[in-house]
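Asks: with the sequence up front, the predicted model follows.
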Amino acid sequence: MLEPVEILAPDTWGEALAMKAAQPDAVPIAGGTDLMVALNFDRARPAAMLDLTRVPELRDWSADDGRLRIGAGVTYTRLIDELGDRLPGLAIASRTVGSPQIRNRGTVGGNLGTASPAGDGLPPLYVSDAEVELASTTGTRRMPVAEFVTGPKRNAARDDELIAAFHLPAAAGAQQFAKIGTRNAMVIAVCSLSLAIWPERRAVCACIGSAGPTPIRATEAEAFAAGVLDEEGLWEGRRPMADAALERFGALVAAAAAPIDDVRGVLGRRALSWAWEEQRCA
Ligand SMILES: Cc1cc2nc3c(=O)[nH]c(=O)nc-3n(C[C@H](O)[C@H](O)[C@H](O)COP(=O)(O)OP(=O)(O)OC[C@H]3O[C@@H](n4cnc5c(N)ncnc54)[C@H](O)[C@@H]3O)c2cc1C
């Protein structure tokens, strides 16, 4: 016979943190769209689960001077509806997650908790240098998302900590997300590419998903694109990028992936050409 699972159901953030401190092996559950699949397939059988769905603080988001703090329990549907104008890259990625039912339940907090290299919410956080806010009864700490995700399905949260929120700047330029799967919808990414242009820093940031144990920033491709925009005077001139530069960018994106795969090059070239067209025509 299966052992019963104890369900802890805090009503407030303070209660949730106290319960996690008292029972560090209790597994948090938000939308349940990853966890319930694991339970159904007998890949997880926790003694206790910490149901976070009644904690109002996790559903809040706020903006302060161009920076956003988004509670771990904000769903993909709300991100698209309420934050699509400020976070277009994350909104495009969110629209590719599962089905409307999954987007109504699933959260970026859960995507971070699972820390899958195929998590579509993660590359848009990497290209915005997002930070993850972790909390316990002993305090709060923040760390860059690239340090938080430590490996495939591994993250840096301690057993007594919960993910409270993530922090990132609102978009200052064009952002794109492109994903390839084995079919058009309801699909895990075979590979994905997130791209953000930051005009005030004259930077182009690119991150590949499903390309290795964690999402990977394509740093050489980023430096190349920023160099082309600078050297050719494109920031001021607002001219299209040359095909050869887009090709080279794609090749450098592909080279950053492990394993190297030309599909990633295609995604890189496509995402940069879309984003630069949007940026220069804005
Ligand atoms: C049919 C289907 C299609 C899907 N399609 C996609 C897709 O296209 N792209 C994609 O990226 N994902 C997809 N997923 C996976 C899933 O929907 C996402 O990973 C989603 O973001 C998980 O969020 P959740 O709130 O449901 O997490 P949950 O299942 O509740 O939790 C996931 C993990 O995070 C932990 N966790 C949750 N909240 C917290 C917190 N506040 N603090 C600490 N730990 C926490 C949990 O303990 C668990 O380990 C799909 C799933 C299904 C079932």
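Replies: It's in. Keep in mind it's a predicted model, so treat the numbers as computed, not measured.
Asks: contact partners for the residue positioned nearest the centre of the chain?
Replies: Nearest to the mean C-alpha position of the chain, by Cα atoms, centre = their mean, lies L122 at 2.1 Å. By Cβ atoms under 8 Å, 6 or more residues apart in numbering, the contact list for L122 reads 111-112, 115, 145, 149, 207, 209, 215. Glycine gets a C-beta too; all of them are placed from N, C-alpha and C.
Asks: export the residues you listed to a markdown table and append columns for distance to R86, pLDDT and neighbour count.
Replies: Shown next, in a markdown table, are the contacts of L122 (distance: Cβ to Cβ, whole Å; pLDDT from 0 to 100; neighbours: other Cβ atoms under 10 Å):
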| residue | distance to R86 | pLDDT | neighbour count |
| --- | --- | --- | --- |
| N111 | 19 | 98 | 26 |
| L112 | 19 | 98 | 24 |
| A115 | 25 | 97 | 22 |
| V145 | 18 | 98 | 26 |
| V149 | 23 | 98 | 25 |
| C207 | 19 | 97 | 30 |
| G209 | 21 | 94 | 30 |
| P215 | 21 | 96 | 26 |
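Asks: just give me the closest of the residues you listed to A38.
Replies: Among the contacts of L122, A115 lies closest to A38 (Cβ to Cβ), at 13.5 Å.
Asks: ok, the closest one touching A156?
Replies: No - contact criterion Cβ atoms under 8 Å: A115 and A156 do not qualify, at 9.2 Å.
Asks: list the residues that contact both of these two?
Replies: Counting by Cβ under 8 Å, 6+ apart, the shared contacts of A115 and A156 are 148-150.
Asks: can you map out the helices along the stretch 51-200 of the chain?
Replies: 76-83, 88-95, 100-105, 108-114, 122-126, 145-148 (DSSP state H, counting those that start in this stretch).
Asks: for the ligand, state which of the shared contacts of A115 and A156 is nearest.
Replies: Closest approach to the ligand among the shared contacts of A115 and A156 (Cβ to the nearest ligand atom): F148, at 10.9 Å.
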